[in-house]
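Colleague: okay, predicted coordinates and the sequence, questions at the end:
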Amino acid sequence: MWKHSSSRAVLFLCLVAAVASARGREGAHVRTLLLSQHPDDATHRLHVKGQVVTVLRFEQPCDPARTRLLGWEGRFEPVGVVGRWVLLQPLRDLAEDEAVPLLVTLADGTEVPFLLRPVMEGWPDQQVNVFKDRESHGAMASALREALEEKQVLAEQLERYRKEESSEDHALAALLASGAVKQTPFKVAYRLADRDAESDVEAIFYRGRGKAAVVLKVRHLHSEQAWSMKKVRLMTESTGMDRSVAFRSTDSSLAPGESGVVAIVADRSAFVEEGKLTNLVLEVYRHDGVRQAVIPLAHQLSGK
């Protein structure tokens with residue numbers, strides 16, 4: 001339970017349980033797997049996560065009678081085979097040393113072995129398009145679409161980095177993350193603290209001259225998996241319109257037991273909607289796209 005350090009505090013930080021779900025994600029992670037691309041590696045790895053459905057899509061129908069998981073009891077829902085689709089869903093996260101074999105048999109008798117492994121960093125496989133012939137039209141189209149999507153992501157990252165180089169808000173976030181609060185215009189408004197099975201977090205809310213800031217001091221408690229922040233999203237509370245926000249972190253990734261700091265800065269202009277001040281909501285997404293925290297921000301934090 002979060003404890004308010006000020007009776008005037010109207011903000012609430014809700015850490016979302018670290019269980020991946022289809023909701024709260026930016027979009028499904030889809031990748032292309034060309035079987036002929038790795039002739040010396042007969043067993044292909046799939047990265048799965050508890051309560052997240054992984055779908056395999058093949059070029060031809062699969063044989064349900066000869067498609068099976070080995071040793072899946074208690075760890076997976078029964079495997080589903082519908083035409084060209086194979087559906088998998090772990091009941092829980094696999095341990096770091098766990099691996100579950102999957103054998104998919106196609107209608108022509110081709111056997112395709114997979115090894116299901118836990119997600120240690122990044123995204124779980126939510127849809128994998130599997131092709132036997134890398135020269136086929138479907139394989140080439142799927143690979144081209146994936147390459148174009150990656151190019152778009154890289155272009156957007158490059159443009160973001162270019163803008164951040166000259167951004168005052170990003171400079172302030174970097175100072176806050178490094179602990180140089182005295183070099184910024186911010187004063188502490190209040191603090192909140194919470195702890196769950198995977199993280200121990202202190203949130204420090206700052207009021208500035210025309211700006212608001214939040215510093216999250218995170219201690220990662222998970223015994224196996226690393227943690228990192230993928231992005232933050234700032235939006236208006238009433239209409240959900242996106243607003244600009246700057247953030248910096250001291251570490252790109254936290255190993256189990258490590259601590260780190262994330263600093264987030266928002267300009268007062270972000271709190272203005274149709275000429276009036278409005279409250280905002282800040283969402284924090286971790287490395288695999290799961291929404292980790294929801295932080296309401298009152299416009300009073302931005303000062304005057």
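Modeller: Noted; the coordinates are in hand.
Colleague: tell me the SS of the residue lying closest to Thr250 once chain neighbours are set aside?
Modeller: Using Cβ to Cβ, 6 or more residues apart in numbering and skipping residues adjacent in sequence, the residue nearest Thr250 is Val261, 4.6 Å away. Yep, even glycine has a C-beta here, placed from its N, CA and C like the rest. Put simply, Val261 is strand when judged by DSSP: H, G, I helix; E, B strand; the rest coil.
Colleague: contacts only, for Val261.
Modeller: Ala177, Gly179, Val215, Leu216, Lys217, Val218, Ser249, Thr250 (Cβ atoms under 8 Å, 6 or more residues apart in numbering).
Colleague: Leu103 contacts Val112, correct?
Modeller: Yes - contact criterion Cβ atoms under 8 Å: Leu103 and Val112 qualify, at 7.5 Å.
Colleague: so where's the stretch 1-150 of the chain uncertain?
Modeller: 1-28, 36-42, 121, 133-149 (pLDDT under 70).
Colleague: wasn't Glu202 part of a helix?
Modeller: No - under three-state DSSP, Glu202 sits outside any helix and is assigned strand.
Colleague: from Arg268, how far off is it?
Modeller: In this view, Glu202 and Arg268 are 25 Å apart by Cβ to Cβ, to the nearest Å.
Colleague: domain assignment for the chain?
Modeller: Listed by automatic domain parsing, the domain ranges of the chain are 30-161, 167-302.
Colleague: tell me how far the residue lying closest to His29 once chain neighbours are set aside lies from Val262.
Modeller: Nearest non-adjacent residue to His29, counting by Cβ to Cβ, 6+ apart: Trp123, 4.0 Å away. Trp123 is 20 Å from Val262, where distance means Cβ to Cβ.
Colleague: same question, Gln225
Modeller: Distance from Gln225 to Val262, by Cβ to Cβ: 18 Å.
Colleague: those two: which is more packed in?
Modeller: Between Gln225 and Val262, Val262 has the larger neighbour count (other Cβ atoms under 10 Å), namely 24 against 20.
Colleague: would you agree the more buried one is in contact with Phe247?
Modeller: Yes - with contact defined as Cβ under 8 Å, Val262 counts as touching Phe247 (6.3 Å).
Colleague: give me the common contacts of these two.
Modeller: Common neighbours of Val262 and Phe247 (Cβ under 8 Å, 6+ apart) are Met229.
Colleague: report the contact partners of Ala213.
Modeller: Leu172, Ala173, Leu176, Thr184, Phe186, Phe205, Tyr206, Ala263, Ile264, Val265, Ala266, Leu301.
Colleague: relative to Val128, which of the residues you listed is nearest.
Modeller: Val128 lies nearest to Ile264 out of these, by Cβ to Cβ, at 34.4 Å.
Colleague: and that closest one, what are its bridge partners?
Modeller: Note on Ile264: beta-bridge partners Val214, Phe247, judged by DSSP bridges.
Colleague: that one: neighbour count?
Modeller: Ile264: 27 neighbours (other Cβ under 10 Å).
Colleague: could you do Leu91 as well?
Modeller: So Leu91, with other Cβ under 10 Å, has 12 neighbours.
Colleague: give me every residue that touches it.
Modeller: Applying Cβ under 8 Å, 6+ apart, we find Leu91 in contact with Gly50, Gln51, Gly74, Arg75, Phe76, Glu77.
Colleague: can you list the residues you listed in CSV and add distance to Ala255 and neighbour count?
Modeller: Compiled in CSV, these are given as follows (distance: Cβ to Cβ, whole Å; neighbours: other Cβ atoms under 10 Å):
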residue, distance to Ala255, neighbour count
Gly50, 21, 19
Gln51, 24, 14
Gly74, 29, 7
Arg75, 25, 18
Phe76, 28, 20
Glu77, 31, 14
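Colleague: so which of the residues you listed sit within helices?
Modeller: For those, not one is inside helices, with DSSP state H as the criterion.
Colleague: what's the most distant pair in those residues?
Modeller: It's Gln51 and Gly74 that sit farthest apart of the contacts of Leu91, by Cβ to Cβ, at 14.7 Å.
Colleague: what are the ranges of the strands in the stretch 201-304 of the chain?
Modeller: 211-220, 229-236, 242-243, 246-249, 259-267, 272-273, 276-277, 280-286, 291-297 (DSSP state E, counting those that start in this stretch).
Colleague: adding mean pLDDT, write these out as JSON lines.
Modeller: Formatted as JSON lines, those follow (pLDDT from 0 to 100):
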{"stretch": "strand 211-220", "mean pLDDT": "89"}
{"stretch": "strand 229-236", "mean pLDDT": "84"}
{"stretch": "strand 242-243", "mean pLDDT": "90"}
{"stretch": "strand 246-249", "mean pLDDT": "85"}
{"stretch": "strand 259-267", "mean pLDDT": "89"}
{"stretch": "strand 272-273", "mean pLDDT": "90"}
{"stretch": "strand 276-277", "mean pLDDT": "90"}
{"stretch": "strand 280-286", "mean pLDDT": "85"}
{"stretch": "strand 291-297", "mean pLDDT": "83"}
